[in-house]
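Peer 1: take this sequence and fold it.
(chains A, B, C and D)
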Protein chains: 4
Amino acid sequence: MSSAHRSGTPFVTQVRVRYADTDAEGVVYYGSYLVYFEVARVELLRALGCPIGWARERRLVFPAVHADCHYRRPGRVDDLLDVRLWLGRLGRASFGFDYQVCRDGEVLADGSTRHAAVDVGSGRAVALPAWFTDLWRRAGQTVGGVA
Amino acid sequence: MSSAHRSGTPFVTQVRVRYADTDAEGVVYYGSYLVYFEVARVELLRALGCPIGWARERRLVFPAVHADCHYRRPGRVDDLLDVRLWLGRLGRASFGFDYQVCRDGEVLADGSTRHAAVDVGSGRAVALPAWFTDLWRRAGQTVGGVA
Amino acid sequence: MSSAHRSGTPFVTQVRVRYADTDAEGVVYYGSYLVYFEVARVELLRALGCPIGWARERRLVFPAVHADCHYRRPGRVDDLLDVRLWLGRLGRASFGFDYQVCRDGEVLADGSTRHAAVDVGSGRAVALPAWFTDLWRRAGQTVGGVA
Amino acid sequence: MSSAHRSGTPFVTQVRVRYADTDAEGVVYYGSYLVYFEVARVELLRALGCPIGWARERRLVFPAVHADCHYRRPGRVDDLLDVRLWLGRLGRASFGFDYQVCRDGEVLADGSTRHAAVDVGSGRAVALPAWFTDLWRRAGQTVGGVA
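Peer 2: The predicted structure follows:
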């Protein structure tokens, strides 16, 4: 949850706001923050050695089962944003992330997502394999988490 | 919150899933549900006599301050979806909606959004004017709500 | 090509402009017109008895090999648009459409797309099967075309 | 036009394909290439010293009046793409770009866009100011063009 206590150093990815991300109110569309969350967690998993293709070869995808976002201040076209990511709770068959989207250190939005592990072939939820939980625990040595 | 008790008859809008809404996992992209929520609340406000242009002429826009979504089952391209909307809590300067996205009566996703009233000129949050709270209360006579 | 001579009655689909379709210039994002084109051709194929699922069961998808668009006037959020579609040239392994996007009879944008027939399994281009060319010719009895 | 002769060194921007850019066929959605074109030309203008905000302060925006794209090979989620940009023709009140989207040197798509200069206040097309044509000519010393 976005009200959670974040501690430790986040993993940071930068995104530039595109016109395609904004809407006629002159601000970043509220759904675009979920795209920025996607970018950050894909980059985190890549940094951990688990890019999308690598997981798929192991028959795993990680669809969102939950997402939430609080909107604090409007983002604008061409803004260069930091997407900060913290590790959320690791479950038996799911895991979560916590995010802040910032411009010059100011929080525009924060939120969280939770993801299941799903077998590509059957489309069914499965327990996280040991290789994934190992990666996750290793990540926790450098990336902050949510208590 | 999506765990809220919904009661009464929802306002229902239909959307057809476009290829543009889906992603390479073969399912509706998780951010697209926020677009479907947008469609439903714009149509509800239109049905109440408050289309986007009408509100803007009165110098009001209603940006999201919060959104959340639980993903239950994957949506697919070309699905014809019912987006069900219930009225959430009406505050002094904000209001909320609760949503279910269904295919053939089966819930694919549910969630909620909360919106502030913002003055178009100043960009600042303002109290909801009487004409809006009147519309909202009238809506409550036919559209179900969240307790 | 969008400079082509359109003749006969177009197939017409309506779309409502969503905030998600617009950008920070206050107008419809230039890429969104390709989404409107998608909506129109999917509805035309459905009206012909060939919805997406039906084609996929016959192992066919129709990816775009070309698209172009001329932008005449800006679309705005909440506009109710007519997307007019004419049949383009039918080839051995591809077919095309021509489009106009209109608001109250005024053309906002026009363009065209061209599509190959691709086998779902192999991902390779194939000749259009007889059932498709039959559908197309039947369509030509009621839907206008491009000379 | 995408059939044009490109000569000289293109300006190159990289984009990573997001899930949000893809569709249920497992490939990059055809409209997403127009977003990649947007990213490339915004970065080119920034490199020339004309970021979006700088142009707006001078009351100018550059909406697309034309776009076209040929799709050669499918892009995939997580692909790291080079978007190559060449300068198109500079007119009195408009200018153009030519693009190739490549993965490992292989062309996935190519196309072009053309843009008018529009006054932010009046919404009307205007002649390109001298400061813009100066920037453009300077760009031509390092960025290739289309004959």
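
Peer 1: name the SS class of residue A:135, please.
Peer 2: Per DSSP: H, G, I helix; E, B strand; the rest coil, the secondary structure class of residue A:135 is helix.

Peer 1: oh, that last question was meant for residue A:56, not what I typed.
Peer 2: helix.

Peer 1: now residue A:73, nearest residue through space, not along the chain?
Peer 2: The shortest distance from residue A:73 to any non-neighbouring residue, by CB to CB, 6 or more residues apart in numbering or on different chains, is to residue A:108 (5.0 Å). Any C-beta I mention is one placed from the backbone N, CA and C, and that applies to glycine too.

Peer 1: pull the contacting residues for that neighbour.
Peer 2: When contacts are counted by CB atoms under 8 Å, 6 or more residues apart in numbering or on different chains, residue A:108 touches A:28, A:71-75, A:81, A:101-102.

Peer 1: out of these, flag the one nearest to residue A:124.
Peer 2: Nearest to residue A:124 among the contacts of residue A:108: residue A:101, at 32.6 Å, using CB to CB.

Peer 1: assess the claim that the closest one and residue A:75 are in contact.
Peer 2: Yes - applying CB atoms under 8 Å, one finds residue A:101 in contact with residue A:75, separated by 7.2 Å.

Peer 1: among the two, which residue is more densely surrounded?
Peer 2: Set residue A:101 next to residue A:75 and count neighbours by other CB atoms under 10 Å in any protein chain shown: residue A:101 wins out with 27 against 24.

Peer 1: tell me which element that one falls in.
Peer 2: Element membership for residue A:101, per DSSP states H and E: strand A:94-103.

Peer 1: what's the model's confidence in that strand, averaged?
Peer 2: Across strand A:94-103, pLDDT averages out at 98.

Peer 1: wondering if it reaches chain C at all.
Peer 2: No - Strand A:94-103 does not reach chain C (CB under 8 Å from any CB of the partner chain); its nearest approach is 14.8 Å.

Peer 1: which other helices and strands contact that strand?
Peer 2: If contacts are counted by 3 or more CB pairs under 8 Å, 6 or more residues apart in numbering or on different chains; DSSP states H and E, strand A:94-103 sits against helix A:32-47, strand A:80-90, strand A:106-116.

Peer 1: CSV for these, including distance to residue A:140 and mean pLDDT?
Peer 2: Below are these laid out as CSV (distance: least, CB to CB, whole Å; pLDDT from 0 to 100):
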stretch, distance to residue A:140, mean pLDDT
helix A:32-47, 12, 97
strand A:80-90, 6, 97
strand A:106-116, 16, 98
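
Peer 1: adding distance to residue C:34, write these out as a markdown table.
Peer 2: Converted to a markdown table, the helices and strands packed on strand A:94-103 look like this (distance: least, CB to CB, whole Å):
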| stretch | distance to residue C:34 |
| --- | --- |
| helix A:32-47 | 18 |
| strand A:80-90 | 26 |
| strand A:106-116 | 28 |
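
Peer 1: can you name the residues of chain A that neighbour chain C?
Peer 2: Counting by CB under 8 Å from any CB, chain A sits next to chain C at A:19-20, A:22-27, A:29, A:31, A:76-77.

Peer 1: so which of those are also by chain B?
Peer 2: Filtering the residues of chain A next to chain C for proximity to chain B by CB under 8 Å from any CB leaves A:25, A:27, A:31.

Peer 1: from residue A:56, how far off is the spatially most central residue of chain A?
Peer 2: Centroid check for chain A by CA atoms, centre = their mean gives residue A:41 as the closest residue, at 3.7 Å. Per CB to CB, to the nearest Å, residue A:41 is found 15 Å from residue A:56.

Peer 1: is chain B contacted by stretch A:43-50?
Peer 2: No - using CB under 8 Å from any CB, we find that stretch A:43-50 stays clear of chain B, coming within 15.0 Å at best.

Peer 1: what comes up buried for that stretch?
Peer 2: A:43-46, A:48, A:50 (16 or more other CB atoms under 10 Å in any protein chain shown).

Peer 1: just stretch A:68-80 next, same as before
Peer 2: Neighbour-count burial for stretch A:68-80, counted by 16+ other CB under 10 Å, picks out A:68-71, A:74-79.

Peer 1: what's the farthest-apart pair in these?
Peer 2: Spatial extent of the buried residues of stretch A:68-80 (CB to CB) is set by the pair A:68 and A:78 at 26.6 Å.

Peer 1: related to what we said a few turns ago, overlap of the contact sets of residue A:101 and residue A:75?
Peer 2: Common contacts of residue A:101 and residue A:75, defined by CB under 8 Å, 6+ apart, comprise A:81, A:108-109.

Peer 1: and the closest residue to residue A:139 other than its chain neighbours, how far is that from residue A:21?
Peer 2: The shortest distance from residue A:139 to any residue other than its chain neighbours is 5.2 Å, reached at residue A:48 (CB to CB, 6+ apart). When distance is defined by CB to CB, residue A:48 is 26 Å away from residue A:21.

Peer 1: likewise for residue A:28?
Peer 2: Distance from residue A:28 to residue A:21, by CB to CB: 6 Å.

Peer 1: also residue A:75?
Peer 2: Residue A:75 sits 8 Å away from residue A:21, going by CB to CB.

Peer 1: list residues touching both of those two?
Peer 2: Joint contacts of residue A:75 and residue A:21 (CB under 8 Å, 6+ apart) are A:28, A:32.

Peer 1: that older thread, tabulate the buried residues of stretch A:43-50 (JSON lines), appending distance to residue C:128.
Peer 2: Below are those laid out as JSON lines (distance: CB to CB, whole Å):
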{"residue": "A:43", "distance to residue C:128": "42"}
{"residue": "A:44", "distance to residue C:128": "45"}
{"residue": "A:45", "distance to residue C:128": "41"}
{"residue": "A:46", "distance to residue C:128": "41"}
{"residue": "A:48", "distance to residue C:128": "46"}
{"residue": "A:50", "distance to residue C:128": "42"}
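
Peer 1: looking at the residues you listed, spot the one nearest chain C.
Peer 2: Of all the buried residues of stretch A:43-50, residue A:43 has the smallest distance to chain C: 24.0 Å, by CB to the nearest CB.

Peer 1: now do the contacts for the closest one.
Peer 2: By CB under 8 Å, 6+ apart, the neighbours of residue A:43 are A:11, A:13.

Peer 1: repeat that with 10 Å
Peer 2: By CB atoms under 10 Å, 6 or more residues apart in numbering or on different chains, residue A:43 lies in contact with A:11-15, A:51, A:83, A:85, D:16.

Peer 1: buried ones among those residues?
Peer 2: A:11, A:13, A:15, A:83, A:85.

Peer 1: show me what contacts the residue nearest to residue A:128 when sequence neighbours are not counted?
Peer 2: By the measure of CB to CB, 6+ apart, the closest residue to residue A:128 outside its immediate chain neighbours is residue A:117, 5.0 Å from it. Taking CB under 10 Å, 6+ apart, we find residue A:117 in contact with A:55, A:59-63, A:91-95, A:124-129, A:132.

Peer 1: so of those residues, which ones are in strands?
Peer 2: A:60-61, A:94-95 (DSSP state E).

Peer 1: and these as TSV, adding neighbour count?
Peer 2: Output for these, formatted as TSV (neighbours: other CB atoms under 10 Å in any protein chain shown):
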residue	neighbour count
A:60	19
A:61	19
A:94	18
A:95	21
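
Peer 1: ok, those vs chain D, which is closest?
Peer 2: Of all these, residue A:61 has the smallest distance to chain D: 10.0 Å, by CB to the nearest CB.
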